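> Coordinates for the following, if possible.
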Amino acid sequence: MATINQRKLASGATRYWVKWRLGGTRDGAPQSEPFDSQADAHTFKLHVEAADHQWPENWVPRQGWAEGWVPGHGWVKTEEEPQDEPVLFADFARTHIDSLSGIDERTRADYHRDLKRHLLPYFAKANLREPGELTAQDVREWVNHLQAGVPDPRTPINPINGKGSKKGAKRGQKNGWLRPPLAPKTIQNLHGLLFIVLAEATRTEPPLRQSNPAARTRLPRVDDGEGSREMCFLTNDEARLLIEAMDPDVRDMVEVLLRTALRYSELAALQVRDITTTTLRAVDGTRVHRGYLEVKRAWKRQKDNSFKLGAPKTKTSRRRVPLTPDTIRLLRPRLEGKGPEDFVFTTSTGVWWRHSSFYSRRWAPGVKRAQERGLGKKPRIHDLRHTHVARLIDKDVHVFKIQRRLGHSSITTTMDRYGHLMADLDETMIEAIDGTTTDTPGLGLDDQRRLRLIS
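Numbers count the residues shown, from 1 in each chain. As a prediction, this is how the structure comes out:
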């Protein structure tokens with residue numbers, strides 16, 4: 001509930017402050033607005049409470065209502081005000097995307113694609129000069145529409161498995177849907193695109209909008225169980241079954257993906273000069289292989305769907321990945337007889353494995369054979385990276401080391417993605433705080449961990 005506090009000024013006048021917390025909760029951010037009269041303060045307090053303890057629509061802090069806005073009536077224009085030319089969302093959005101700097105042309109093309117497919121059907125003709133034509137409610141309804149999808153009225157959808165059937169479906173359509181529901185992550189990306197376009201409308205001179213209607217929109221959460229369903233983790237036996245089901249010419253490639261956690265675009269761009277190996281002789285006379293690979297480049301899809309070598313995904317994706325002796329033994333046959341700039345993994349004709357070709361000709365058939373032999377999962381190529389991380393976490397490898405090995409831009413990315421796998425984190429913190437241990441004498445580390453999980 002909002003409150004009114006009065007304060008005596010040095011001049012003898014009284015200032016009235018309306019105070020509240022955003023959302024009306026105890027942990028909401030504290031807000032305040034001053035007034036010279038108690039009546040004005042009381043009126044503003046009622047507006048705050050009516051807005052669910054948010055800033056009232058079109059109120060400018062420390063200035064008052066936006067010019068032309070009358071609470072309870074809306075925007076009021078006088079006949080003397082000149083009629084501005086409408087600025088349509090479609091035109092403004094296209095121009096803004098074309099002017100964005102610091103992005104590659106493929107990203108720009110993706111923005112235009114998403115704009116055409118998902119934003120323009122709803123907002124194309126909205127006049128950005130008219131706040132009533134693209135409101136926060138319109139944005140919320142759009143998000144809900146993306147999340148719900150558009151069922152095909154000609155074909156009932158099975159309520160049990162969500163599938164349907166339709167003869168003569170257009171290419172790219174899923175059975176039973178004119179447009180299937182979008183994943184939470186996709187919706188977040190699309191909302192982000194809408195947000196930056198409308199944010200630019202508030203920064204123009206003069207501003208086209210007083211506020212961004214896409215601000216503070218509640219979006220579907222990507223961590224409501226969906227993240228764990230998306231990722232597929234393989235046990236050691238399952239991984240071995242999968243590798244053995246692959247065609248012989250790519251078994252080592254699949255195993256190296258599993259052992260290094262490289263992204264496919266990074267592994268396919270790996271060149272001979274990126275790998276450094278040495279052989280050391282141990283005290284007992286045995287040879288020990290040591291080495292590392294450096295991620296310096298990755299394949300990038302271009303606007304015309306061609307590929308070229310470019311920088312890895314992020315700045316921190318440039319990294320050095322230590323190699324195990326077994327991984328080095330897998331790589332060495334691939335390095336023999338090649339020049340420094342030759343690709344490590346190539347097809348029988350000596351060209352690099354394009355993702356679509358590798359997936360359709362090797363990965364999908366290999367997964368199908370593995371399933372016929374007893375594999376109960378359907379992993380994607382990127383799930384080899386997830387499985388690698390799960391193995392490191394199971395061996396209590398520090399999360400900062402995992403972050404560097406994966407090339408994540410921040411520790412937050414790593415924790416958001418894989419934090420749910422760290423089952424022993426709470427127990428470890430308790431032991432660290434109390435300075436005690438719950439270890440049971442006579443039990444090894446693995447047995448102790450299992451005991452904690454059971455208890």
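> Show me where the stretch 1-150 of the chain has its strands.
3-8, 14-21, 30-35, 59-60, 64-65, 69-70, 74-75, 150-151 (DSSP state E, counting those that start in this stretch).
> how about those strands in JSON lines, adding mean neighbour count and distance to residue 320?
Quick note: C-beta positions are derived from backbone N, CA and C, even for glycine. Formatted as JSON lines, the strands of the stretch 1-150 of the chain follow (neighbours: other CB atoms under 10 Å; distance: least, CB to CB, whole Å):
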{"stretch": "strand 3-8", "mean neighbour count": "11", "distance to residue 320": "58"}
{"stretch": "strand 14-21", "mean neighbour count": "17", "distance to residue 320": "48"}
{"stretch": "strand 30-35", "mean neighbour count": "15", "distance to residue 320": "47"}
{"stretch": "strand 59-60", "mean neighbour count": "16", "distance to residue 320": "52"}
{"stretch": "strand 64-65", "mean neighbour count": "14", "distance to residue 320": "58"}
{"stretch": "strand 69-70", "mean neighbour count": "14", "distance to residue 320": "58"}
{"stretch": "strand 74-75", "mean neighbour count": "12", "distance to residue 320": "59"}
{"stretch": "strand 150-151", "mean neighbour count": "14", "distance to residue 320": "48"}
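> mind giving me TSV with these and columns for distance to residue 302?
As requested, the strands of the stretch 1-150 of the chain are exported to TSV (distance: least, CB to CB, whole Å):
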stretch	distance to residue 302
strand 3-8	59
strand 14-21	50
strand 30-35	48
strand 59-60	45
strand 64-65	50
strand 69-70	47
strand 74-75	45
strand 150-151	31
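> among those strands, which is nearest residue 344?
Of all the strands of the stretch 1-150 of the chain, it is strand 150-151 that lies closest to residue 344, at 45.3 Å by CB to CB.
> and that closest one, which strands flank it?
strand 177-179 (antiparallel) (DSSP bridges).
> List the buried residues of the next helix or strand after the strand it pairs with.
The helix or strand immediately downstream of strand 177-179 is helix 184-203, counting by DSSP states H and E. For helix 184-203, a neighbour-count test (16 or more other CB atoms under 10 Å) marks 184, 186, 187, 190, 191, 193, 194, 195, 197, 198, 200, 201 as buried.
> Give me the mean pLDDT for helix 184-203.
Averaged across helix 184-203, pLDDT comes to 94.
> Equivalent analysis for stretch 272-291, please.
Mean predicted lDDT for stretch 272-291 stands at 81.
> and for that stretch, what are the contacting residues?
With contact meaning CB atoms under 8 Å, 6 or more residues apart in numbering, stretch 272-291 is reached by 292-296, 322-323, 325, 328-329, 331-332, 335, 338-344.
> now do stretch 135-147
Outside stretch 135-147, the residues within contact range by CB under 8 Å, 6+ apart are 118, 122-123, 126, 181-182, 184, 186-187, 190-191, 194, 213-220.
> Just the buried ones from those residues, in PyMOL syntax?
Selection of the buried residues among those in PyMOL, burial being defined by 16+ other CB under 10 Å:
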select buried, resi 118+122+123+126+181+182+184+186+187+190+191+194+213+214+219+220
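> So which of the contacts of stretch 272-291 are in strands?
292, 293, 294, 295, 322, 323 (DSSP state E).
> and the second one, how many neighbours does it have?
Taking other CB atoms under 10 Å as the neighbour definition, residue 293 ends up with a count of 25.
> could you measure it against residue 338, distance?
15 Å (CB to CB, to the nearest Å).
> what distance separates the start and the end of stretch 242-255?
Stretch 242-255 has an end-to-end distance of 10 Å (criterion: CA to CA, to the nearest Å).
> What separation do you get for the spatially most central residue of the chain and residue 406?
Closest to where the C-alpha atoms of the chain average out (CA atoms, centre = their mean) is residue 185, at 5.8 Å. Remark: distance between residue 185 and residue 406 (CB to CB) = 18 Å.
> what do you get for residue 290?
21 Å.
> The two: which has the busier surroundings?
For residue 290 versus residue 406, neighbours defined as other CB under 10 Å are more numerous around residue 406 (22 against 14).
> Can you report how many residues lie near the residue nearest to that one when sequence neighbours are not counted?
Leaving aside its sequence neighbours, residue 406 sits nearest to residue 261 (CB to CB, 6 or more residues apart in numbering; 5.9 Å). A count of nearby residues for residue 261, using other CB under 10 Å, gives 22.
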